[in-house]
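Enquirer: Got a predicted structure here, sequence first:
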Amino acid sequence: MKLAVVGSINTDMTVTAERIPLKGETLMGDSLSYIPGGKGANQAVAMAKLGAEVEMFGCVGNDDNGRRMLDNLNRVGVKTEHIQVLEGVPTGIAMITVGESDNTIIVVPGANGKVDKAYVDGIKGELVKYDMVVLQHETVHYIAEFCYEKNIPVVLNPAPAAEVPMDIIDKVTYVTPNEHEAVLIFGDELSTENLLKKYPEKLVITQGSRGVSTCLKNGEVLTVPARKANVVDTTGAGDTLNGAFSVRIAAGDDMKSALT
């Protein structure tokens with residue numbers, strides 16, 4: 001199976017502390033790490049580690065962070081030949097504070113902001129070669145329209161949180177918001193159960209420590225619980241789920257098996 005990921009490539013600047021500071025508060029940090037990240041890159045790495053043939057599409061700056069990101073993707077087996085290296089634009093940065101088994105994140109998009117219509121037009125000939133395209137919230141609508149026309153299955157992870165037009169929801173194959181993103185997209189008029197029943201085997205809602213839920217085509221609401229874990233850092237947890245889910249769906253698993 002061949003999967004394409006179009007999205008963000010960031011360097012995560014991660015500070016760990018006893019807890020996340022309150023507004024206006026200064027705390028002492030425990031450690032500072034620079035870690036390969038970005039929602040798109042995280043998902044591509046998860047796919048590659050699970051044995052999929054995957055290519056990352058996006059942009060980085062011609063800087064040390066960009067070179068480290070390309071090296072890391074190549075090291076785990078992600079193809080990178082169509083990632084653009086841009087002059088005068090820095091590689092994206094995510095500033096993350098980790099404390100009390102939770103995090104806060106501020107993203108400075110940098111080169112990710114150049115993953116625009118012009119870039120997508122340049123990779124359309126490559127996207128049609130893949131069995132599935134996985135997207136986050138970067139140039140989503142334009143790519144979703146193209147993939148719909150070409151009958152390419154699409155997994156849309158609508159993060160960072162933003163509104164999504166219903167015609168785009170109709171055209172993607174799977175949409176995988178967390179609880180907060182689901183409310184932003186669909187509103188709060190329907191309960192989670194009724195919302196899932198409206199989009200059987202299309203809408204997949206992640207719920208942190210409570211696991212992930214969808215509705216099967218027979219009308220059964222399925223919740224797969226999260227596995228027990230000693231939580232160190234939740235950054236990228238949803239990205240990993242999306243990567244693994246995409247690999248299993250592309251391999252032919254049914255919805256229940258893929259989520260499990």
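Expert: That came through, no problem.
Enquirer: tell me the mean pLDDT for the helix or strand I205 falls within?
Expert: Assigned by DSSP states H and E, I205 falls within strand 204-206. For strand 204-206, mean pLDDT rounds to 97.
Enquirer: so how many other residues sit close to I96?
Expert: 22 (other C-beta atoms under 10 Å). Quick note: C-beta positions are derived from backbone N, CA and C, even for glycine.
Enquirer: How far does the strand holding I205 sit from its chain's centre?
Expert: 13 Å (C-alpha atoms, centre = their mean, to the nearest Å).
Enquirer: residues in contact with the longest helix seen in the chain?
Expert: Longest helix of the chain, by residue count under DSSP state H: helix 237-250. Residues outside helix 237-250 that contact it (C-beta atoms under 8 Å, 6 or more residues apart in numbering): 1, 3, 39, 42-47, 50-52, 131-132, 134, 153, 155, 157, 159, 174, 176, 178, 204, 206, 212, 255, 257-259.
Enquirer: CA-only coordinates of it, as PDB, when you get a sec.
Expert: In PDB, the C-alpha atoms belonging to helix 237-250 read as follows (Å, rounded to 0.1, in the frame of the first residue of the first chain):
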ATOM      1  CA  ALA A 237      -0.800  10.900  20.300                       C
ATOM      2  CA  GLY A 238      -3.700  11.800  17.900                       C
ATOM      3  CA  ASP A 239      -1.200  12.000  15.000                       C
ATOM      4  CA  THR A 240       0.000   8.500  15.800                       C
ATOM      5  CA  LEU A 241      -3.600   7.200  15.900                       C
ATOM      6  CA  ASN A 242      -4.300   8.800  12.500                       C
ATOM      7  CA  GLY A 243      -1.200   7.300  11.000                       C
ATOM      8  CA  ALA A 244      -2.000   3.800  12.300                       C
ATOM      9  CA  PHE A 245      -5.600   4.000  11.400                       C
ATOM     10  CA  SER A 246      -4.800   5.100   7.800                       C
ATOM     11  CA  VAL A 247      -2.300   2.200   7.400                       C
ATOM     12  CA  ARG A 248      -4.800  -0.400   8.500                       C
ATOM     13  CA  ILE A 249      -7.700   1.000   6.400                       C
ATOM     14  CA  ALA A 250      -5.500   1.100   3.400                       C
END
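Enquirer: what's the very next helix or strand once past it packed up against?
Expert: Next helix or strand after helix 237-250 toward the C-terminus (DSSP H and E): helix 255-259. Helices and strands touching helix 255-259, by 3 or more C-beta pairs under 8 Å, 6 or more residues apart in numbering; DSSP states H and E, are strand 212-215, strand 221-224, helix 237-250.
Enquirer: Show me what counts as buried in the second one.
Expert: The reference is to strand 221-224. By 16 or more other C-beta atoms under 10 Å, the buried positions in strand 221-224 come out as 222-224.
Enquirer: Could you check how far it is from the centre of its chain?
Expert: 21 Å.
Enquirer: Next one, pLDDT for E138 please.
Expert: With respect to pLDDT, E138 scores 60.
Enquirer: typed the wrong thing, it's Q84
Expert: 97.
Enquirer: which residues of the chain fall in helices?
Expert: Using DSSP H, helices in the chain cover 39-49, 64-75, 117-127, 140-149, 166-171, 179-186, 192-198, 237-250, 255-259.
Enquirer: from the ones you listed, which stretch is densest packed?
Expert: helix 39-49 (a mean of 27; mean count of other C-beta atoms under 10 Å).
Enquirer: ok so, going back, return the list of helices and strands in contact with the strand holding I205.
Expert: Using 3+ C-beta pairs under 8 Å, 6+ apart: strand 204-206 touches helix 179-186, helix 192-198, strand 212-215, helix 237-250.
Enquirer: still on that earlier bit, is it possible to export the helices of the chain to TSV including distance to N230?
Expert: As requested, those are arranged in TSV below (distance: least, C-beta to C-beta, whole Å):
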stretch	distance to N230
helix 39-49	20
helix 64-75	25
helix 117-127	39
helix 140-149	34
helix 166-171	36
helix 179-186	23
helix 192-198	28
helix 237-250	13
helix 255-259	22
